[in-house]
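Undergrad: Fold the following.
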Amino acid sequence: NNSEKANLSVIRDAALLGRINNDSAFKKLSLINFSNINETHWDKLLRENDILVQEDFINYVLTYDLLREEIETNSKTYLTVQRILNYVALKEIEICKYWISYYPYGYANNHVTRAALAAGIAMLAVDSPNNRRDEIFSLSLNILDRFFNFQISNEGVLNEGTHYFTYLTEILSYFAHFTKNMTSLNIFSDFPFSERLKNLIGWSIKIRMPDGFLPCIDDSWQSRVVYPQKFISEFFPNNSSILNWTSLNVFSNSSINNEPWNIEKSLYIPLYLYTYKEKDEVSEPYFEPSQFFASDSEVVFRENWKKDSAYLFLAGKSLSSLHEHDDTGNIQIYANNSPILLTSGYGPNGWSSTNRDYYVSAKAHNVVEIDGKGPKGYYNGGVGPIDFSTISDFRTFSKIDFANVAISHNVNFNNVSHNR
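TA: Numbers count the residues shown, from 1 in each chain. Presented below is the predicted three-dimensional model:
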């Protein structure tokens with residue numbers, strides 16, 4: 001009521017409130033503001049950052065879903081929405097083409113799969129089946145299949161790091177929502193890439209630290225980047241109770257509804273309501289606390305599944321990656337309610353970002369500092385990895401776990417290697 005031009009997250013919230021309370025005034029206000037969103041809005045966002053287009057587009061489609069009845073009885077608004085859905089879908093396909101040609105050897109990254117997911121969501125939201133819609137949706141699926149094969153190992157290790165996990169799965173959950181509702185297909189069981197996605201979520205469960213920190217792999221940082229798996233529990237076969245368990249957060253004073261701080265991001269809220277259960281059935285994982293990931297030479301050492309369990313993560317690197325930090329052999333420890341990372345993977349100022357100084361800082365990686373200085377890190381910004389590693393031995397017993405990682409410094413020092 002107080003803003004001259006409401007943004008899409010506000011319009012979405014008003015539509016949600018109007019739907020919940022059957023409030024015609026809120027529905028009408030949100031419909032009027034929603035109908036004013038035109039092509040110029042998306043062009044402006046795209047000039048800033050293509051990720052902003054995807055985040056706002058989710059709000060757009062959710063608002064359409066919430067106001068579907070009102071929109072479909074208003075022919076002018078209905079035609080506008082259908083036009084916008086097609087417009088954004090084509091923009092997202094252009095974004096895919098840009099990033100595919102931008103990256104070396106066609107090894108496009110998270111920018112491509114996010115854009116392909118957004119294009120797929122747009123086509124799922126278009127009402128009338130037509131050849132163009134089928135063609136774009138099919139192209140979206142083909143792009144996902146091609147690049148998930150590069151991005152995600154068979155074991156589910158995302159080679160671009162933990163913050164990319166959040167960026168990917170936040171839009172993936174909405175793709176899952178619309179795919180299931182519009183086509184009855186489940187992204188975790190009915191597509192060529194389903195097994196990798198299932199293992200990606202499984203990997204996030206298996207590396208779960210007691211307070212919700214994820215390990216530093218590749219271009220990533222430590223500051224509580226946690227995706228609330230609870231949001232996709234409805235789509236994930238047979239494991240909803242474990243997914244609910246993994247999204248529990250120990251520090252209730254830094255969480256919302258028992259989810260980590262990044263749940264505040266507005267675009268999560270509607271799906272949270274959609275999947276909300278008053279009483280979640282929660283069970284601890286059925287697998288052993290310590291885990292070995294052969295495809296990316298990573299090992300998780302964990303005492304038990306209790307919240308105060310001590311935890312050690314050994315990060316190797318055997319997968320190729322687009323932006324590789326010199327972080328092979330990282331050891332991260334969690335004990336006494338604190339994460340400690342030794343030998344950081346952060347690097348100097350490379351690509352431009354207003355937050356880059358923080359991303360590459362020791363502080364962002366929870367690294368032990370001496371006189372304000374952390375360990376030296378590198379960032380090559382190309383096709384990696386800088387160092388390769390393999391796990392030559394892993395054994396687990398009732399009281400002790402053992403692993404040996406062989407690290408070769410093959411780029412700058414071909415003849416240097418060591419075991420950790």
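
Undergrad: which residues touch residue 208?
TA: With contacts defined as C-beta atoms under 8 Å, 6 or more residues apart in numbering, residue 208 is in contact with residue 246. Every residue, glycine included, has its C-beta placed from N, CA and C.

Undergrad: tally of neighbours for residue 234?
TA: For residue 234, the count of nearby residues is 17 (other C-beta atoms under 10 Å).

Undergrad: Can you give me the distance of the nearest residue to residue 304 once chain neighbours are set aside to residue 301?
TA: Using C-beta to C-beta, 6 or more residues apart in numbering and skipping residues adjacent in sequence, the residue nearest residue 304 is residue 289, 5.5 Å away. Residue 289 sits 8 Å away from residue 301, taking C-beta to C-beta, to the nearest Å as the criterion.

Undergrad: try residue 203
TA: For residue 203, the distance to residue 301 - C-beta to C-beta - is 16 Å.

Undergrad: Next secondary structure element downstream of the helix or strand bottoming out on mean pLDDT in the chain?
TA: For the chain, counting by mean pLDDT, DSSP states H and E, helix 269-275 ranks last in confidence among helices and strands (a mean of 58). Remark: after helix 269-275, the chain's next helix or strand is strand 291-293, criterion DSSP states H and E.

Undergrad: residue nearest the centroid of this structure?
TA: Among the residues of the chain, the one closest to the centroid is residue 166, at 2.4 Å (C-alpha atoms, centre = their mean).

Undergrad: circling back to that earlier point, I'd say the residue nearest to residue 304 and residue 303 touch.
TA: Yes - counting by C-beta atoms under 8 Å, residue 289 does reach residue 303; the two are 6.6 Å apart.

Undergrad: Overlap of the contact sets of these two?
TA: Joint contacts of residue 289 and residue 303 (C-beta under 8 Å, 6+ apart) are residue 309.

Undergrad: More neighbours: which of these two?
TA: residue 289 (19 against 15).

Undergrad: one step back: how confident was the prediction at the residue nearest to the centre of the chain?
TA: Note on residue 166: pLDDT of 73.

Undergrad: what about it, helix or strand, and which?
TA: Secondary structure from DSSP H and E places residue 166 in helix 162-183.

Undergrad: Tell me the buried residues in that helix?
TA: Within helix 162-183, the residues that count as buried by 16 or more other C-beta atoms under 10 Å are 162-180.

Undergrad: With stretch 143-157 instead?
TA: 143-144, 146-148, 150-153, 155-157.

Undergrad: Which elements pack onto the helix holding residue 166?
TA: helix 50-66, helix 110-125, helix 194-206, helix 269-275 (3 or more C-beta pairs under 8 Å, 6 or more residues apart in numbering; DSSP states H and E).

Undergrad: tell me the most buried of those helices?
TA: helix 110-125 (a mean of 26; mean count of other C-beta atoms under 10 Å).

Undergrad: Run the angle between the helix or strand following that one and helix 194-206 for me.
TA: As assigned by DSSP H and E, the chain's next helix or strand after helix 110-125 is helix 131-151. Here helix 131-151 runs at an angle of 50 degrees relative to helix 194-206 (axes from the mean of the first three to the mean of the last three C-alpha atoms, to 10 degrees).

Undergrad: starting at the chain centroid, how far to helix 131-151?
TA: What separates the centre of helix 131-151 from the centre of its chain is 18 Å, taken as C-alpha atoms, centre = their mean, to the nearest Å.

Undergrad: can you check stretch 11-19 too?
TA: 26 Å.

Undergrad: ok, now stretch 103-111?
TA: Using C-alpha atoms, centre = their mean, the offset of stretch 103-111 from its chain centre is 17 Å.

Undergrad: The closest residue to residue 23 other than its chain neighbours: which element?
TA: Excluding its sequence neighbours, the residue lying closest to residue 23 (C-beta to C-beta, 6+ apart) is residue 17, at 6.4 Å. Under the criterion of DSSP H and E, residue 17 resides in helix 8-21.

Undergrad: Was I right to think residue 313 contacts residue 301?
TA: Yes - here residue 313 lies in contact with residue 301, judged by C-beta under 8 Å, at a distance of 7.4 Å.
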